[in-house]
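Engineer: After the sequence you'll find the predicted model.
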Amino acid sequence: MSFVVNNRVFVKPDYHEEFEQRFKVRASEVDKQPGFIAMRVLRPLGNQAPYVVEVEWEDQAAFRNWIGSDDFKRAHADPLPKEAFNEGGGIEQFDIVVSASR
(Lines give C-alpha, C1' and ligand atoms only; values in the text may rest on other atoms or scores of the structure.)
Protein backbone atom coordinates (compact mmCIF):
# COMPACT_ATOMS: atom_id res chain seq x y z
CA MET A 1 0.00 0.00 0.00
CA SER A 2 0.92 3.68 -0.26
CA PHE A 3 2.35 6.23 2.15
CA VAL A 4 0.50 9.48 2.97
CA VAL A 5 1.80 12.72 4.46
CA ASN A 6 -0.69 15.24 5.85
CA ASN A 7 0.38 18.76 6.71
CA ARG A 8 -2.18 20.57 8.87
CA VAL A 9 -1.75 24.32 8.40
CA PHE A 10 -3.70 26.98 10.29
CA VAL A 11 -3.88 29.89 7.83
CA LYS A 12 -5.35 33.24 8.81
CA PRO A 13 -8.37 34.25 6.67
CA ASP A 14 -6.58 37.18 5.00
CA TYR A 15 -4.08 34.71 3.51
CA HIS A 16 -6.44 31.92 2.36
CA GLU A 17 -6.49 32.99 -1.29
CA GLU A 18 -2.71 33.33 -1.56
CA PHE A 19 -2.14 30.02 0.26
CA GLU A 20 -4.42 28.19 -2.18
CA GLN A 21 -2.95 29.92 -5.23
CA ARG A 22 0.57 28.83 -4.33
CA PHE A 23 -0.53 25.20 -4.38
CA LYS A 24 -2.38 25.62 -7.66
CA VAL A 25 0.83 26.88 -9.25
CA ARG A 26 3.03 24.16 -7.71
CA ALA A 27 0.74 21.16 -8.29
CA SER A 28 2.14 20.53 -11.76
CA GLU A 29 5.68 20.31 -10.34
CA VAL A 30 5.28 17.79 -7.53
CA ASP A 31 3.46 15.39 -9.86
CA LYS A 32 6.71 14.95 -11.80
CA GLN A 33 8.49 13.47 -8.78
CA PRO A 34 9.33 9.75 -8.73
CA GLY A 35 6.93 7.87 -6.49
CA PHE A 36 4.32 10.65 -6.41
CA ILE A 37 0.71 9.41 -6.57
CA ALA A 38 -1.64 12.26 -5.62
CA MET A 39 -1.96 15.58 -3.82
CA ARG A 40 -5.04 17.17 -2.31
CA VAL A 41 -5.32 20.54 -0.61
CA LEU A 42 -8.38 20.48 1.63
CA ARG A 43 -9.98 23.82 2.53
CA PRO A 44 -11.45 23.95 6.05
CA LEU A 45 -15.15 24.63 6.43
CA GLY A 46 -14.93 25.65 10.07
CA ASN A 47 -13.25 28.78 11.42
CA GLN A 48 -11.01 26.84 13.80
CA ALA A 49 -10.02 24.07 11.39
CA PRO A 50 -6.71 23.93 9.51
CA TYR A 51 -6.07 23.42 5.83
CA VAL A 52 -4.90 19.87 5.21
CA VAL A 53 -2.33 19.26 2.50
CA GLU A 54 -2.43 15.54 1.76
CA VAL A 55 0.23 13.98 -0.47
CA GLU A 56 0.27 10.30 -1.37
CA TRP A 57 3.51 8.56 -2.32
CA GLU A 58 4.34 5.02 -3.40
CA ASP A 59 6.37 4.63 -0.20
CA GLN A 60 8.15 6.58 2.52
CA ALA A 61 11.43 6.47 0.56
CA ALA A 62 9.83 8.40 -2.33
CA PHE A 63 8.67 11.09 0.11
CA ARG A 64 12.11 11.32 1.71
CA ASN A 65 13.75 11.58 -1.70
CA TRP A 66 11.45 14.46 -2.60
CA ILE A 67 12.35 16.25 0.65
CA GLY A 68 16.00 16.12 -0.42
CA SER A 69 15.30 17.29 -3.98
CA ASP A 70 15.84 20.64 -5.66
CA ASP A 71 12.09 20.72 -6.36
CA PHE A 72 11.37 20.65 -2.62
CA LYS A 73 13.83 23.51 -2.07
CA ARG A 74 12.18 25.57 -4.83
CA ALA A 75 8.70 24.83 -3.44
CA HIS A 76 9.69 26.14 0.00
CA ALA A 77 12.07 28.96 -1.03
CA ASP A 78 9.54 31.82 -0.74
CA PRO A 79 7.10 31.03 2.09
CA LEU A 80 4.21 33.18 3.21
CA PRO A 81 5.14 35.49 6.10
CA LYS A 82 4.91 34.08 9.62
CA GLU A 83 1.96 36.37 10.38
CA ALA A 84 -0.08 34.40 7.79
CA PHE A 85 -0.33 31.46 10.17
CA ASN A 86 -1.84 30.63 13.52
CA GLU A 87 -0.16 28.28 16.00
CA GLY A 88 -0.68 24.56 15.74
CA GLY A 89 -0.80 21.99 13.01
CA GLY A 90 2.12 20.01 11.72
CA ILE A 91 3.13 16.99 9.69
CA GLU A 92 1.55 13.56 10.08
CA GLN A 93 2.75 10.43 8.26
CA PHE A 94 0.68 7.31 7.57
CA ASP A 95 0.87 3.94 5.87
CA ILE A 96 -2.41 3.18 4.10
CA VAL A 97 -3.90 0.03 5.53
CA VAL A 98 -7.23 0.02 3.66
CA SER A 99 -8.28 2.09 0.66
CA ALA A 100 -11.49 2.10 -1.37
CA SER A 101 -12.41 4.22 -4.38
CA ARG A 102 -14.75 4.27 -7.30
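Structural biologist: That came through, no problem.
Engineer: Mind jotting down where the strands sit in this structure?
Structural biologist: When secondary structure is read from DSSP state E, the chain shows strands at 3-9, 36-42, 51-57, 90-95.
Engineer: nearest to residue 82, of these?
Structural biologist: With CB to CB as the criterion, residue 82 lies closest to strand 3-9 of those, at 12.5 Å. In this view, the C-beta of every residue, glycine as well, is placed from N, C-alpha and C.
Engineer: can you put the strands of the chain in JSON lines and add distance to residue 75 and mean neighbour count?
Structural biologist: Shown next, in JSON lines, are these (distance: least, CB to CB, whole Å; neighbours: other CB atoms under 10 Å):
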{"stretch": "strand 3-9", "distance to residue 75": "12", "mean neighbour count": "18"}
{"stretch": "strand 36-42", "distance to residue 75": "11", "mean neighbour count": "15"}
{"stretch": "strand 51-57", "distance to residue 75": "11", "mean neighbour count": "18"}
{"stretch": "strand 90-95", "distance to residue 75": "14", "mean neighbour count": "11"}
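Engineer: CSV for these, including mean pLDDT and distance to residue 26?
Structural biologist: Converted to CSV, the strands of the chain look like this (pLDDT from 0 to 100; distance: least, CB to CB, whole Å):
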stretch, mean pLDDT, distance to residue 26
strand 3-9, 98, 13
strand 36-42, 96, 9
strand 51-57, 97, 10
strand 90-95, 97, 17
